[in-house]
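Asker: Sequence first, then the predicted structure, then my questions.
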Amino acid sequence: MSFTGKYQLQSQENFEVFMKALGLSDDLAQKGKDIKSISEIEQDGKKFKVTVTTGSKVMKNEFTIGEEGEMELPNGQKVKALVQMEGNNKLVAKVNVNKAELTSITELNGDTLTNVMTMGDLCCKRISKRI
């Protein structure tokens, strides 16, 4: 299954609290909560390019499955991340943020892309649909 495509955010839970825990300012977390971001994913085998546009903010990350690489977080912080693939439709990334481990699981089912981020006892869930 290929992740390639454009996805528009449909719903999210606990976004504002989670982004503040990442270090995003109250103002930016509030603004980001109300914008239906667009995620564009290009997959070429094990190589991925992910561009997330939220209003005027554009965040671009590239990674290869199974190889540690640098990624940018929504707060602008650059971190080392390792992304693994489980099955053919689930990406699992682990990064260390502010002395805590953040786990991001992105799962593609049909035209629905679900991302669940967990850090400590905080959890943020975002659901996007292919457009």
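Answerer: It's in.
Asker: Helices along the protein, start to end?
Answerer: Applying DSSP state H to the chain gives helices spanning 15-22, 26-33.
Asker: Between these, which has the poorest mean confidence score?
Answerer: For the helices of the chain, the bottom mean pLDDT is recorded on helix 26-33, which sits at a mean of 80.
Asker: pLDDT-wise, which helix or strand of this protein ranks last?
Answerer: helix 26-33 (a mean of 80; mean pLDDT, DSSP states H and E).
Asker: For it, name the packing helices and strands.
Answerer: Packing partners of helix 26-33 (3 or more C-beta pairs under 8 Å, 6 or more residues apart in numbering; DSSP states H and E): helix 15-22. In short, each C-beta sits where N, CA and C put it, glycine included.
Asker: For the helix it packs on, report the contacting residues that lie outside it.
Answerer: By C-beta atoms under 8 Å, 6 or more residues apart in numbering, the residues outside helix 15-22 that reach it are 26, 28-30, 32-33, 73-75, 77, 97-98, 102, 117, 119-120, 122-124, 126.
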